[in-house]
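**Q** have a look at this prediction, sequence included:
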Amino acid sequence: MARLPAGVVVVSARVAGEFRGMTASSLVSISVDPPLVLVGLERESTTRAAVVETGAFNVSLLTRAQEFIADRLAGRAPAIDPEWRSLPHRLGNNGLPLVEGCAAWLECRLVQVHAAGDHDICVGQVEAAANGSGEPLILWDRSFWTLR
Ligand SMILES: Cc1cc2nc3c(=O)[nH]c(=O)nc-3n(C[C@H](O)[C@H](O)[C@H](O)COP(=O)(O)O)c2cc1C
């Protein structure tokens, strides 16, 4: 799978007043009407637990300049505090955090969860979406790239 290029996103949630967020490369667009996306979240992830508990998640599509955020939210660099004080963000209409300056974002309501091995396939109905700007961050061959 390392040879399959994939966009890199942050899946975020909010539970008991705290933010959760994780880097993910498994986001897929599934349906136009209704607008549905899916993301595979590992069973042990604290973000997955918050998404399933609260029934909502946001997606921030990262830019090439946000590689460090991808590392931090994958546990590969200093962790981010539960209020994301050290991570530029804003709240979506649903009150869940979005990464500031991302290439595009989605606000989703969780509509289905399918167990799949050590991950859950979480299907979200997109309730709001918009474009930002910047070159997308792409994962390929275990490294980060962009389109040019
Ligand atoms: C580029 C990249 C892509 C990743 N994609 C996924 C993914 O699609 N699903 C997943 O469950 N974990 C993925 N991970 C691993 C999670 O980001 C990592 O386990 C994270 O620490 C989980 O955080 P949490 O327990 O705070 O939710 C990815 C990691 C990296 C670096």
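**A** Yes, it's here.
**Q** for the record, mean pLDDT for stretch 56-65?
**A** Stretch 56-65 shows an average pLDDT of 98 in the prediction.
**Q** where along the chain do the strands fall?
**A** All strands of the chain, identified by DSSP state E, fall at 6-7, 9-15, 18-24, 28-31, 36-42, 56-61, 89-91, 97-99, 104-116, 119-131, 138-140, 143-145.
**Q** once you drop chain neighbours, what's closest to Leu73?
**A** Leaving aside its chain neighbours, Leu73 sits nearest to Thr23 (4.5 Å; criterion: C-beta to C-beta, 6 or more residues apart in numbering). C-beta coordinates here come from the backbone N, C-alpha and C atoms, glycine included.
**Q** that neighbour is in contact with Ile80, isn't it?
**A** No. Thr23 is beyond contact range of Ile80, at 11.1 Å (criterion: C-beta atoms under 8 Å).
**Q** neighbour-wise, which of the two wins?
**A** Thr23 (20 against 17; other C-beta atoms under 10 Å).
**Q** local confidence estimate at that one?
**A** Confidence score, pLDDT, at Thr23: 98.
**Q** distance of the closest residue to His114 other than its chain neighbours from Phe57?
**A** Excluding its sequence neighbours, the residue lying closest to His114 (C-beta to C-beta, 6+ apart) is Ile121, at 4.2 Å. In this view, Ile121 and Phe57 are 13 Å apart by C-beta to C-beta, to the nearest Å.
**Q** of the two, which one has the most company?
**A** The residue with more neighbours, out of Ile121 and Phe57, is Phe57; 28 against 16, by other C-beta under 10 Å.
**Q** who does that one form a beta bridge with?
**A** When bridges are called by DSSP bridges, Phe57 pairs up with Cys108.
**Q** swap in Glu42?
**A** Glu42 has these beta-bridge partners by DSSP bridges: His119.
**Q** quick one, what contacts it?
**A** 48, 118-119 (C-beta atoms under 8 Å, 6 or more residues apart in numbering).
**Q** most neighbours among those, which one?
**A** Arg48 (24 neighbours).
**Q** hang on, isn't that residue packed against Ile121?
**A** No. The pair Arg48 / Ile121 is not scored as a contact, 10.7 Å apart, by C-beta under 8 Å.
**Q** just the contacts of Glu42 that are near the ligand?
**A** Among these, proximity to the ligand is found for His119 (C-beta under 6 Å from any ligand atom).
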